[in-house]
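Peer 1: pasting the sequence and the predicted model now:
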Amino acid sequence: MKDIETKDHQLTVALRIRPLSDSELEESATIVAHRVDDQMVVLMDPPGDHEDVLRANRSREKAYMFDVAFDYSTSQEELYRATTKGLIHGLISGYNATVFAYGPTGCGKTYTMLGTDKDPGIYVRTLNDLFHSIEETSDSMMYSVSMSYLEIYNEMIRDLLNPTSGFLDLREDSKGEIQVAGITEVSTVNAQEIMELLVKGNRQRTQEPTAANRTSSRSHALLQVCVKRQDLNQEVRFGRLFMIDLAGSERAAQTQNTGQRLKEGAHINRSLLALGNCINALSDKNAHRYVNYRDSKLTRLLKDSLGGNSRTVMIAHISPASIAFEESRNTLSYADRAKHIRTRVKKNMTSVSHHIAQYTSIITELRGEIQRLQTKINEQQRQSSNKRDIRHVQAEVLSQSRPEVQRLREQLLQGFREQMEIRKTLMDLDSAELELQVETSHHLLTIADWEQEQNQRSRKRRSEQQKERKKDTEWREKDSDQRERDSDSSESETADVSSARESLLQLMSEQKRIHRDKASFERRLAQLKVQAGRLEERLPHTVSCESQRQVLELLCKVHELELDQAELRSSSLLKDSLLRRKDQAMQRFETHQQLCDQIIQGQRLFISEHSLLVPPQLQQLYDVYTKEGDNRRLERALALDTARFTVKERSLPKISVPLQSRVQMLDQTLDQTLDLDSDQESVRTVMLERGPSKHRRHTLPPIHTGPDLDSNRVFKNSPHAHSIKNSCVVTPPPIHINGKNREPLVPDSFLSFSLLSHSVSSHLDSSPESSEAGAELMHTERKKGPQNTAGKAARRRSRALDVLSLEKPQQRCAAPPTGTALSHATSDDKLSSSTGDATTAQSDANNANDANDTKSRVKLQHQSHREQSEGCRRKRRSRSFDVTGRALPQTKATVVQRLRPLDSTSDTHLHIGAPPVLRAQRGAACRGRGVAPGNLHTGLGTDSAPLSTLKRVPPLRPQHLHISSTQRLRRN
Ligand SMILES: Nc1ncnc2c1ncn2[C@@H]1O[C@H](COP(=O)(O)OP(=O)(O)OP(=O)(O)O)[C@@H](O)[C@H]1O
């Protein structure tokens, strides 16, 4: 055994020949490998060579010299002592060492390294001796032992102490040493613990049975033991020991491996070939031959063991049997070469002096660092001493960023100011647009009124032209005068309308301009909002100071709120303006409604007092009006009652005296309202009782039917009045036209009534004084005649009041389809159903006698009217506005003429209820829906007021007339 402690170390090669295995004994294998002495081994020719002609004269027998040779008689202990035990001292002293078993499969490598429980191998013996040595010198030395155990299986490294860690990689450290990254290193000084770890690792090693070995190792196993020793002189030594159980080279024919075993064998042979190449290279006498350690992980791990700082022992294993001659021969050949490998061994030791020198250097460096840091701290302290506190530092930072912040602030403020200005401008534009709309609507109304008047006049003119053919020259002259007046009036109104049209054009262009400006400003406002949003987004990036950023964000918030407030204010103003307009419209409507009520009540009073005839359509309208009035009063009563109940029941204990008085006023109003009976007679009585001064707004000026009233006188003297006198029945039998006898025209009648009211209202002044002024004006105009071309407003007022005058001929007309004449009943007792089956033939037969009987009938009629008035007064609460009917002794033409005044009002709603037969006759006779007003006034006389002026048509719009007429035609 060579001295392994020499620095220049030569690889120690030992050879072990195992005993014949059971299979070899069964085959009576010849022993060809013999240990001659402790170092020599002879490999004899196998028996088959003698029989081979080619090998007959060429013997392959060869003697090999190794560091030590063992055979079947050598025990484990002897082998350990001869190969490994000597390494333990060197390991403790700081030398690296390697022991690896090499040889074909099944030749005893694992037996040598691991052994059995009864006869342990090198692993256990080495560790035992190591710990013994440590214990022996532990008094004067400090030891630290660590162990790791791995296998190379199919060129992959596994940690046998921690198999779950997966495959590990090889790394080369700064000193060029190969390290297994992530390998488990167990540090302990307890031998028992090391043994347990070893057993545990061996269980994890891959072993599979083959034909050559029932416990064939399919991987290379490496056990690494590191020992660190520190003596009393603070000298530290590091020693590392590799104990390697290589997998055996194998021939496929021998092992009969297939599949995974065959693949494992291939990996094993490849790595062993790399090891052999390294051995060849290292054993070559040429000193600078390249050694390829990187061919396999095995050779990389054994780099130091084969050619570096390690005392290495190679234990080659062969089988003595002749059947393993070739494997034994190759193994002997490699082992023989390996013994020429030389390594350079050195102690892994660090002395205290060296450490001290290192520490001194480190301390010096650290001191320099400390000095540098101290200088820096002093400099900072000196700088900070100039600043009193952190606020100065903050102020400095703020001052550095102030220009940027100021610029950003100015941009934000400028944007918000501009937004505010644009918002104000938009508000002004909205206001101007509203004013323009109001003005435009006024002009449109003016034009519409004029157009309707024109339409009315044109219709009248056509009717008059038809009448002209039948009238005498006197009427022709009067008509020509009337035409002149009409033309004059048209010309004067044309100037107003043209002015309105021009104003409309200007207003429309102005509205367009406002729209353009608004769109432009709104676009600009949107752009400014976007810009402000971007600036706000830039705040966190631009302003580093938190307080500054918060101030700017608050600034933005305040301005945004101001803008929102301005927008809301603008919206609120617009809505207020619209509400004001609606309120005004509602107020006008209510005023108009009151005026209508007054007119209707006055009419009914007038009819009642004078016992005038009422056409059924008008009577139906009256009925609808009465019902509607009842509903209105009921709603008002309920509302007032609710208000009274609410005030009394809930707030009375707390309400003040003025509120209580207000409640009383409400009660009085309610009582007055309820007191207003829908009955015409009651209305008249109430008005009479309370006097005209108390309810001037609800009563018309007194309309006298006596000869002092021009209009009445004119009407009585008119030719039409004469015709009516001639045609009317003096005292027709009364007929009740309610219930079943009524035509189901309530919706249309109501619609017509509404439209009529609406049309009247559009020509009325909304002021409460309009009723009085209108009545006076009507009175005046009737006196002055149409020549009095008063102002436009006066004419409008007079138009509404002219409705009253238009009603007179209507009331004198009777137009039931059956030719029933209508008149007020003198009393309920006297009223009876008329002979509704009176035929037109009878009327025609009696027509000839009508002229003679006219005077007496008129007298009777007036008498009956007076009696009826007295009866109606007595019957206050009853609905005495009953209508009697009787067969009219008149012709169809007469009936038609009586209906024409209604048509002449140009209000189709008044004549649309005419029966189809009459309408057909009318269409044939006068080619129009309206009859010339002259028909009504043919008996007016030369000094009578022209009806075209007196009967100014309520300004119903033509489309309304058409629609209503169409609907009524469809119904009929
Ligand atoms: N010197 C010996 N004395 C007694 N038995 C031995 C000896 N050497 C090997 N054997 C026996 O031979 C058989 C094979 O040995 P081992 O498993 O150690 O071979 P190996 O070289 O490790 O094979 P592989 O390379 O396939 O793992 C084992 O049963 C073992 O007990």
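Peer 2: Received it, and whenever you're ready, just let me know what you need. Source: prediction; values computed, not measured.

Peer 1: and residue 41, which of the three is it?
Peer 2: Of the three states, residue 41 takes strand under DSSP: H, G, I helix; E, B strand; the rest coil.

Peer 1: now for the helix or strand where residue 313 lies, which elements pack on it?
Peer 2: Using DSSP states H and E, residue 313 maps to strand 311-318. In terms of contacts (3 or more C-beta pairs under 8 Å, 6 or more residues apart in numbering; DSSP states H and E), strand 311-318 is packed against strand 12-17, helix 76-83, helix 85-93, strand 97-102, helix 109-113, helix 325-338. All C-beta atoms are positioned from the backbone trio N, CA, C, and that covers glycine.

Peer 1: so which of those gets nearest the ligand?
Peer 2: For the helices and strands packed on strand 311-318, proximity to the ligand was assessed by C-beta to the nearest ligand atom; helix 109-113 is nearest, at 3.4 Å.

Peer 1: now tell me what touches the closest one from outside.
Peer 2: Applying C-beta atoms under 8 Å, 6 or more residues apart in numbering, the contact partners of helix 109-113 are 16, 18, 76, 79, 99, 101-103, 121-123, 215, 217, 221, 243-246, 248, 315, 317.

Peer 1: ok, residue 270 to the ligand distance?
Peer 2: The spacing between residue 270 and the ligand, counted by C-beta to the nearest ligand atom, to the nearest Å, is 15 Å.

Peer 1: which stretch of helix or strand covers that residue?
Peer 2: helix 259-283.

Peer 1: do the helix or strand following that helix and the ligand meet?
Peer 2: Using DSSP H and E, the helix or strand that follows helix 259-283 in sequence is helix 297-301. No. Using C-beta under 6 Å from any ligand atom, helix 297-301 stays clear of the ligand, with a minimum separation of 13.9 Å.

Peer 1: show me what stretch 114-127 is in contact with.
Peer 2: 75-77, 79-80, 83-85, 87-88, 99, 110-113, 191, 194-195, 198, 202, 223, 225, 241, 243, 245.

Peer 1: near the ligand, list only the ones from those.
Peer 2: Near the ligand, by the rule C-beta under 6 Å from any ligand atom, you find 110, 111 out of those.

Peer 1: and the helices and strands packed on strand 311-318 as CSV, adding mean pLDDT and mean neighbour count?
Peer 2: Formatted as CSV, the helices and strands packed on strand 311-318 follow (pLDDT from 0 to 100; neighbours: other C-beta atoms under 10 Å):
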stretch, mean pLDDT, mean neighbour count
strand 12-17, 92, 28
helix 76-83, 93, 18
helix 85-93, 90, 21
strand 97-102, 93, 26
helix 109-113, 92, 25
helix 325-338, 90, 21
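
Peer 1: do you know which of those lies nearest residue 237?
Peer 2: helix 85-93 (6.1 Å; C-beta to C-beta).

Peer 1: which one is residue 337 nearest to, not counting chain neighbours?
Peer 2: Distance criterion C-beta to C-beta, 6 or more residues apart in numbering; nearest residue to residue 337, sequence neighbours excluded, is residue 283 at 4.3 Å.

Peer 1: what about that neighbour, how many neighbours?
Peer 2: Using other C-beta atoms under 10 Å, residue 283 is surrounded by 18 other residues.

Peer 1: pull the CA atoms of the helix or strand where residue 147 lies into PDB?
Peer 2: Assigned by DSSP H and E, residue 147 belongs to strand 142-153. Taking C-alpha atoms only, strand 142-153 is exported to PDB below (Å, rounded to 0.1, in the frame of the first residue of the first chain):
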ATOM      1  CA  MET A 142     -13.800  20.700  17.100                       C
ATOM      2  CA  TYR A 143     -15.500  18.700  14.400                       C
ATOM      3  CA  SER A 144     -18.400  19.200  12.100                       C
ATOM      4  CA  VAL A 145     -19.500  16.300   9.900                       C
ATOM      5  CA  SER A 146     -22.100  16.600   7.100                       C
ATOM      6  CA  MET A 147     -23.300  14.000   4.800                       C
ATOM      7  CA  SER A 148     -25.100  13.900   1.400                       C
ATOM      8  CA  TYR A 149     -26.200  11.000  -0.700                       C
ATOM      9  CA  LEU A 150     -27.200  11.000  -4.300                       C
ATOM     10  CA  GLU A 151     -27.600   8.800  -7.300                       C
ATOM     11  CA  ILE A 152     -27.100   9.400 -11.100                       C
ATOM     12  CA  TYR A 153     -29.900   7.600 -12.800                       C
END
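
Peer 1: packing partners for it?
Peer 2: helix 122-136, strand 156-159, strand 186-187, helix 191-204, strand 220-230, helix 259-283, helix 297-301.

Peer 1: okay, now the sheet partners of the shortest one, with direction.
Peer 2: By that I understand strand 186-187. strand 142-153 (antiparallel) (DSSP bridges).

Peer 1: can you check the fifth one too?
Peer 2: Here strand 220-230 has these sheet partners by DSSP bridges: strand 142-153 (antiparallel), strand 236-245 (antiparallel).

Peer 1: make a markdown table from those strands and add mean neighbour count and mean pLDDT to it.
Peer 2: Output for the strands paired with strand 220-230, formatted as a markdown table (neighbours: other C-beta atoms under 10 Å; pLDDT from 0 to 100):
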| stretch | mean neighbour count | mean pLDDT |
| --- | --- | --- |
| strand 142-153 | 21 | 90 |
| strand 236-245 | 23 | 90 |
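
Peer 1: want to try a markdown table for the ones you listed, with distance to residue 594 as columns?
Peer 2: Compiled in a markdown table, these are given as follows (distance: least, C-beta to C-beta, whole Å):
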| stretch | distance to residue 594 |
| --- | --- |
| strand 142-153 | 114 |
| strand 236-245 | 122 |
